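J.: no FASTA, just this:
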């Protein structure tokens, strides 16, 4: 079993539970033709597979979202504190395909001991396409989530906890109090159980405790893991026996019922965990409460130029580790830039959907045999595998190439003026009268 620090008086009394709720907007494979004069609505219908997206959303809603929200509602009423980030991609699908779930989430968020965390709205790589547009999107996201849930957003994530010096500076410039980040590559030898800042800056970094988080999020149902089966009592003790001030436990919300199925015991674990935390003297905090308590005692670090993430090995190999992913990212950038030049906010919105990190992550399995590649294959839609590996990759690329060709034809035919990316009028709201179908 993973070694735990048992011989120190410096043991955390607090845990920060952070959950990310996200569903991607998957493209249609095989790629469909894109008529040069099609409307934005017709293009969207030809580029994205809403039938597939609806099926996956409803499956996850049945086995994960509804039962997990019901459980968390009870825990919140009994004093547990949690932090949740909602991507616009998820909220858009919930509004279209499960309004009852969206109402449940509003009730969940209305609890005083739940804090809403920010996140890049489409779960995209916009910060690598246009940093200023990323800033404006994050500002819009904060306003949109505040309007939707009636709570201020003071702490944020990015996409997959990706952090680099320029992304940190962009988030800091927006006035957020703190940002979640992955502790592995970022902190090197330092413990993830403290608050950090970039040297000579003030935005607080709340580092995710990778080992403790992955014990639940990744290893929980692995029968070959030496910690299996994980009991809530053992887990609470591991948290208490970890050196430092507080532990950030960062999980996908889909951990409960989707990544780990009902018969794995994950819901029983969740139901016992709050009582066991209390029994072992561990109190949960919201992110803002953690900053209130520990934000005045921070440690300075130099954020590495190579971006860090909670995905995969903690570096960009999860998204850009093979030639297929790198090629697709170049097409993302090409599509985005042409959409900007078109001056059409609806075409830009399509390009932003196509810049979702998920489309790169799900191709990590290409020519790689590893635990991380197995996770990537798991996230690849079952319906796509019948194409075969080679054609699947070719069709994914074709989705982008056809959008690029269509944009190029429009620009050549009509000309274009640069689109002023200045505010919410260029964005789709996370949950509005618009539907995803």
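T.: The structure has been received and is ready for your questions. Since this is a predicted model, take the numbers as computed values, not measurements. Numbers count the residues shown, from 1 in each chain.

J.: show me where the stretch 151-300 of the chain has its helices.
T.: 165-173, 183-187, 210-217, 232-240, 266-279, 287-294 (DSSP state H, counting those that start in this stretch).

J.: tell me which other helices or strands the longest one touches.
T.: The elements that helix 266-279 packs onto, with contact taken as 3 or more C-beta pairs under 8 Å, 6 or more residues apart in numbering; DSSP states H and E, are helix 66-77, helix 232-240, strand 283-284. (Glycine included, C-beta is placed from N, CA and C.)

J.: centre of the chain to the second one, how far?
T.: If you compare the mean C-alpha spot of helix 232-240 with that of the full chain, they lie 26 Å apart, counting by C-alpha atoms, centre = their mean, to the nearest Å.

J.: tell me the buried residues in it?
T.: 232, 235, 236, 237, 238, 239, 240 (16 or more other C-beta atoms under 10 Å).

J.: cool, the first one as well?
T.: Using 16+ other C-beta under 10 Å as the test for burial, helix 66-77 gives 66, 67, 68, 69, 71, 72, 75, 76.

J.: next, the contact list for the residue nearest to residue 208 when sequence neighbours are not counted, please.
T.: Counting by C-beta to C-beta, 6 or more residues apart in numbering, residue 250 is the residue found nearest to residue 208 once chain neighbours are left out, at 3.9 Å. Residues near residue 250 by C-beta atoms under 8 Å, 6 or more residues apart in numbering: 18, 19, 20, 161, 180, 182, 208, 209, 213, 217, 310.

J.: which among the residues you listed gets closest to residue 195?
T.: residue 180 (11.6 Å; C-beta to C-beta).

J.: burial of that closest one, as a residue count?
T.: 26 (other C-beta atoms under 10 Å).

J.: from residue 312, how far off is residue 366?
T.: Distance, residue 366 to residue 312, using C-beta to C-beta, to the nearest Å: 14 Å.

J.: what about these two, which has more around it?
T.: Neighbour totals were compared for residue 366 and residue 312, and residue 312 leads with 20 against 17 (other C-beta under 10 Å).

J.: doesn't the more buried one lie inside a helix?
T.: No - read with DSSP: H, G, I helix; E, B strand; the rest coil, residue 312 is coil and lies in no helix.

J.: hang on, the earlier thing: could you pick out the buried ones from the contacts of residue 250?
T.: Using 16+ other C-beta under 10 Å, the buried ones in the contacts of residue 250 are 18, 19, 20, 161, 180, 182, 208, 209, 213, 217, 310.

J.: next, the first one: secondary structure please.
T.: Residue 18 carries the three-state label strand when classified by three-state DSSP.

J.: what residues are bridge-paired with it?
T.: Legend: beta-bridge partners of residue 18 under DSSP bridges are residue 83, residue 250.

J.: list the contacts of it.
T.: Residue 18 sits next to 82-85, 117, 157, 180, 206, 208, 248-251, 287 when contact means C-beta under 8 Å, 6+ apart.

J.: one more pass at 10 Å, please.
T.: 82-85, 115, 117, 155, 157, 161, 180, 206, 208, 213, 248-251, 286-287 (C-beta atoms under 10 Å, 6 or more residues apart in numbering).

J.: do you know how far residue 111 is from residue 90?
T.: Distance from residue 111 to residue 90, by C-beta to C-beta: 19 Å.

J.: residues contacting residue 119?
T.: Residue 119 is in contact with 20-22, 84-90, 138, 141, 145, 153, 156-161, 180, counting by C-beta under 10 Å, 6+ apart.
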